[in-house]
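**Q** missing the sequence, but the structure's below:
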């Protein structure tokens, strides 16, 4: 995606800032060589998708995931902190059957939390993570969606912390739509570039500083994808990626507000913003096949 054309709407995007990656840049705990490439953020005037230009080659990112240590992700994450209950609540509200596929299932913690009443399948490129998922009762059907040849159809397809990694979100939704049963649902959790904290820091927002994050959704992006692929947006809510104590929320908010003021005064020119993890800068949404 070195092009400045929106991968969804195919119209020219607009410059909205310079992106600064963390130093040294890492993907899943594995260092990646970005050379002296200068990255910028551009926004589609129609669907509001933000794209990082140029893209980092997918093969380079996959190699990092394949090399990632199995303990890079928590083996047994706190389900309350990670909002597994929110995800399960949304699934239970809209799912009409037990077949669930988690794309990028990592070590299977979420599917393990959901329990054996579901027929659980996963797609995961990390070898160690996939092995842990299988130990939790998840059937791994492919390392990547492009490698998937199953003829199974699913009642629920999950993409939790996946959409921001894509080079072509339109093709991804098209493919997953074809794998759903009638009235099946697609559940996505990703960053929300329309959130107040994100707008305060712009292209320097902490979420953009992660090299593996390539595209950034707003509510308009979800609406556009649903319309293009004959799906209905049946749920949308803005939340933080995880639950944190009130003291962490206050600390990050104060730090984030001060940093944004400094940025507007010309400071922090070569820095990404500090983490603002308790901020409501994520979206949890459901698309239902028509």
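**A** In hand now; what should we look at? Everything numeric in this text was worked out from a predicted model, so none of it was measured. Residues are numbered from 1 along each chain as shown.

**Q** Centre of the chain to stretch 87-98, how far?
**A** Between the centre of stretch 87-98 and the centre of its chain there are 19 Å (CA atoms, centre = their mean, to the nearest Å).

**Q** for that stretch, which positions count as buried?
**A** Of all the residues in stretch 87-98, those buried under the rule 16 or more other CB atoms under 10 Å are 87-88, 90-91, 94-95, 97. (C-beta placed from N, C-alpha, C; glycine too.)

**Q** show me the contacts for the residue nearest to residue 228 when sequence neighbours are not counted.
**A** In space, and not counting its chain neighbours, residue 228 is closest to residue 170: 6.8 Å by CB to CB, 6 or more residues apart in numbering. Applying CB atoms under 8 Å, 6 or more residues apart in numbering, we find residue 170 in contact with 7-8, 225, 228.

**Q** Narrow these to those that are buried.
**A** 7-8, 225.

**Q** pLDDT weak spots in the stretch 51-200 of the chain?
**A** 70-73 (pLDDT under 70).

**Q** could you pull out the helices for it?
**A** Here the stretch 51-200 of the chain has its helices, by DSSP state H, counting those that start in this stretch, at 58-67, 84-94, 109-114, 127-135, 169-178, 196-201.

**Q** all strands for the protein, in order.
**A** Along the chain, counting by DSSP state E, strands occupy 14-19, 26-27, 30-31, 39-43, 50-53, 99-103, 119-123, 139-142, 154-160, 180-191, 215-216, 231-239, 282-289.

**Q** Which of those sits closest to residue 268?
**A** Proximity to residue 268 (CB to CB) singles out strand 14-19 among the strands of the chain, at 11.3 Å.

**Q** Closest one of the buried residues of stretch 87-98 to residue 255?
**A** Of the buried residues of stretch 87-98, the one sitting nearest to residue 255 (CB to CB) turns out to be residue 87, at 28.1 Å.

**Q** Confirm for me that that closest one is in contact with residue 189.
**A** Yes - the criterion here is CB atoms under 8 Å, and residue 87 meets it with residue 189 at 6.8 Å.

**Q** Quick check: neighbours shared by the two?
**A** Shared contacts of residue 87 and residue 189, defined by CB under 8 Å, 6+ apart, comprise 160, 284.

**Q** From residue 134, how far off is residue 112?
**A** Separation of residue 112 from residue 134 (CB to CB, to the nearest Å): 11 Å.

**Q** Same drill for these two, tell me which one is more crowded.
**A** Ranked by neighbour count (other CB atoms under 10 Å), residue 112 and residue 134 place residue 112 first, with 20 against 15.

**Q** is it true that that one touches residue 138?
**A** Yes - here residue 112 reaches residue 138: they are 7.4 Å apart, a contact under CB under 8 Å.

**Q** Find residues that contact each of these two.
**A** Common neighbours of residue 112 and residue 138 (CB under 8 Å, 6+ apart) do not exist.

**Q** Single out the most deeply packed of the helices of the stretch 51-200 of the chain.
**A** Compared across the helices of the stretch 51-200 of the chain, helix 109-114 shows the largest average neighbour count, a mean of 22 (mean count of other CB atoms under 10 Å).
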